[in-house]
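**Q** below: sequence and its predicted model.
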Amino acid sequence: MKKLWLGCLLLISLSLTACSNATMENYAKLKSGMSYAEVVAVIGKADSCSETLGIRSCIWGSEESNITANFVNDQVILLSNKAIK
């Protein structure tokens, strides 16, 4: 039973650290003109991306707390964040 409890705690801690790169410190490192690869090098792979009319919009984090970057021709044109710390 103790091993099961420890296993559950480990899974919870791993899931919480998976989205830890969406921080204000990392957001401050992002700049307009960066490529998608450069952004990924700072905050990791996006949790989701969509494309409309040539604009690729990618989100890192959850619906409640996230970083959003919009790309045109693989370059950041707009950055925003929602409730990151």
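**A** Perfect, thanks for sending it. If you're wondering where the values come from, they're calculated on a predicted model, not measured in any experiment.
**Q** name the element the residue most central in space within the chain belongs to?
**A** Centroid-nearest residue in the chain, with Cα atoms, centre = their mean: W60, separated by 2.2 Å. Under the criterion of DSSP states H and E, W60 resides in strand 55-61.
**Q** run me through the strand neighbours of that strand, direction for each.
**A** According to DSSP bridges, strand 55-61 forms sheet pairs with strand 48-52 (antiparallel), strand 66-72 (antiparallel).
**Q** can you pull the buried residues of it?
**A** Buried residues in strand 55-61, defined by neighbour count with 16 or more other Cβ atoms under 10 Å: 56, 58-61. C-beta coordinates here come from the backbone N, C-alpha and C atoms, glycine included.
**Q** which one of those is nearest I43?
**A** W60 (5.3 Å; Cβ to Cβ).
**Q** partner residues bridging that closest one?
**A** I67.
**Q** helix or strand right after the lowest-mean-pLDDT helix or strand in the chain?
**A** Lowest by mean pLDDT, DSSP states H and E among the helices and strands of the chain is helix 2-18, with a mean of 47. Under the assignment DSSP H and E, the closest C-terminal helix or strand after helix 2-18 is helix 24-29.
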